[in-house]
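Colleague: Build me a model from this:
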Amino acid sequence: MPVDVRQAGARVTCSCGTTLEVPTLRQIRHLPQAASVDVHSAPAWGPRQGIVAVCLILAISLLAWSAWVWRSEPEVPKFDPVARQKIVDQQIKTPLEAWNSWIGYYRPLAERGLHEFRVANAAQFETKKGEARFLRFMLWAMAACFGIIAVCAAWWPKPVARGPRG
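Modeller: Okay, the predicted model is just below:
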């Protein structure tokens with residue numbers, strides 16, 4: 001029965017149930033060493049696992065990039081009436097400035113009616129938002145493709161090993 005050096009001088013129980021005395025350390029040194037048993041196991045990492053890992057890493061990276069694009073998407077600034085009132089108050093300090101403001105802005109407003117206030121470059125914001133949505137959709141599609149490849153590689157049947165032809 002193979003023993004370890006730490007078990008020198010102790011008693012061990014065999015798998016058959018017999019109690020055996022282990023020789024002392026000095027006596028163990030003179031005993032022949034047992035042949036080491038090499039257990040040949042299948043490789044823990046093969047090409048299939050590599051394909052699955054690479055595809056999953058790429059899919060997760062693409063989804064993270066999509067989340068970053070979504071978080072950094074530009075937003076159209078909202079109309080702030082308090083800030084607009086401050087700008088108007090700064091422009092109108094004298095009666096002449098009030099008259100010029102009336103002629104240039106408020107008179108046409110009175111003639112045509114109120115309109116929705118929009119930022120001057122709102123079209124550029126909308127274009128950038130559309131581009132960001134398209135990029136997110138493409139990133140999701142690519143991540144889905146890599147995910148499908150990973151699932152197929154994981155579940156694809158292993159090739160059958162054929163014996164030598166005779």
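Colleague: how near is residue 153 to residue 32?
Modeller: Distance, residue 153 to residue 32, by CB to CB, to the nearest Å: 48 Å. Every C-beta, even on glycine, is put in place using the N, C-alpha and C of the backbone.
Colleague: When these two are compared, which one has more neighbours?
Modeller: Neighbours per residue (other CB atoms under 10 Å) separate residue 153 from residue 32, with residue 153 holding more: 18 against 5.
Colleague: Can you give me the buried ones in the helix or strand harbouring the more buried one?
Modeller: For residue 153, the element it lies in under DSSP states H and E is helix 122-155. For helix 122-155, the neighbour count (16 or more other CB atoms under 10 Å) marks 132, 136, 139, 142, 143, 146, 147, 149, 150, 153 as buried.
Colleague: pLDDT added to the residues you listed, as a markdown table?
Modeller: As requested, the buried residues of helix 122-155 are arranged in a markdown table below (pLDDT from 0 to 100):
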| residue | pLDDT |
| --- | --- |
| 132 | 92 |
| 136 | 95 |
| 139 | 95 |
| 142 | 96 |
| 143 | 96 |
| 146 | 95 |
| 147 | 94 |
| 149 | 93 |
| 150 | 93 |
| 153 | 89 |
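Colleague: With respect to residue 2, which of those residues is nearest?
Modeller: residue 153 (41.8 Å; CB to CB).
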